[in-house]
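**Q** Return atomic coordinates for the entry below.
(one chain, ligands or ions: 1)
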Amino acid sequence: MKAKTAIYYDRIYAAVGKDYAAEAAQLKAIIAHRKRSAGNSLLDVACGTATHAVHLSDEFEITGFDIEKAMVELARECCPSGTFLVDDMRDFDLKRTFDVVICLFSSIGFMKTRADLDAAVGNMARHVKPGGVLLIEPWITSDNFTGGHSQVVAVDEPELKLARVTRSDREGDLSVLDMQYLIATPEGLEHIAERYEMGLFTEEEYLSAYKRAGLEVELDPKGLMDRGLLIGTR
Ligand SMILES: C[S@@+](CC[C@H](N)C(=O)[O-])C[C@H]1O[C@@H](n2cnc3c(N)ncnc32)[C@H](O)[C@@H]1O
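**A** Okay, the predicted model is just below:
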């Protein structure tokens, strides 16, 4: 998410019915089943506004980071008990390890090359304690992404009328999402255009990134929202 539209992020995903509380409950069950380490520290990589983290904060001591400062500021408001930083999954080094590391809602798709994918998964894996768990929700795989799709989301609140139209296309091994926002508030009407490029990787490329990082891994094909969930253990 970019700085200008970060403040609308939660309302857009509430409007499409994304159920962070239910996803967090599912994550807790997976972690309880897999985790062998004794502690309860959790790192949320590309935490966004911390909406998963806040639902996990009753059981875990939360640290999170995101590359976008505006998202980190919203995360601090949403989950005051957590510690949130600006950092980049490609090269972060927090100089400590965690019982659980999560990277959700296809944030890993912001890695555009295999080298970046391996670096990000390697960094996450290095931050996992022995007996800990690494959960990554992949982006749509290379085999399954066709492109040429359009989507509209509308937020209709008394003081916010927002329409976001997305057109997605494929350019080689990249998925390109062009998003155009029309936003009306009491202050006026604004048009914002954003373009996101996300890497397309095969299931095998995701799995081998975990294996190179020295983790055992399996893919739950359904996961939290039918995009699958990579479940790794150290
Ligand atoms: C789809 S949002 C997901 C946010 C949150 N995890 C959630 O489930 O709502 C993707 C997030 O990845 C962040 N992001 C993109 N590239 C990143 C990078 N290299 N390192 C850390 N965060 C990144 C974006 O700023 C954005 O907040």
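
**Q** alpha carbons only for contacts and neighbour counts from here, please
**A** Will do.

**Q** low-scoring stretches of the protein, by residue?
**A** For the chain, residues meeting the criterion pLDDT under 70 lie at 1.

**Q** and it, which of its residues are near the ligand?
**A** Residues of the chain lying close to the ligand by Cα under 6 Å from any ligand atom are 1, 46-48, 66-68, 71, 87-90, 104-105, 107, 110.

**Q** Let's see which of those end up in helices.
**A** residue 71 (DSSP state H).

**Q** what's the closest of the residues of the chain next to the ligand to residue 57?
**A** residue 47 (13.1 Å; Cα to Cα).

**Q** Going by neighbour count, which residues in stretch 180-193 are buried?
**A** Buried residues in stretch 180-193, counted by 16 or more other Cα atoms under 10 Å: 180, 181, 183, 184.

**Q** again, but for stretch 24-36
**A** 24, 27, 31, 35, 36.

**Q** Pretty sure residue 112 sits against residue 200.
**A** Yes - in this structure, residue 112 is within contact of residue 200 by Cα atoms under 8 Å, at 7.5 Å.

**Q** who has more neighbours, these two?
**A** residue 200 (27 against 17; other Cα atoms under 10 Å).

**Q** so what does the helix ranked longest in the chain touch, helix or strand wise?
**A** Longest helix of the chain, by residue count under DSSP H: helix 20-34. Packing partners of helix 20-34 (3 or more Cα pairs under 8 Å, 6 or more residues apart in numbering; DSSP states H and E): helix 51-56.

**Q** Would you state the helices of this structure in chain order?
**A** Under DSSP H, the chain gives helices at 9-15, 20-34, 51-56, 69-78, 114-126, 203-212.

**Q** Just put those in JSON lines and tack on distance to residue 149.
**A** Formatted as JSON lines, the helices of the chain follow (distance: least, Cα to Cα, whole Å):
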{"stretch": "helix 9-15", "distance to residue 149": "19"}
{"stretch": "helix 20-34", "distance to residue 149": "25"}
{"stretch": "helix 51-56", "distance to residue 149": "27"}
{"stretch": "helix 69-78", "distance to residue 149": "27"}
{"stretch": "helix 114-126", "distance to residue 149": "25"}
{"stretch": "helix 203-212", "distance to residue 149": "22"}
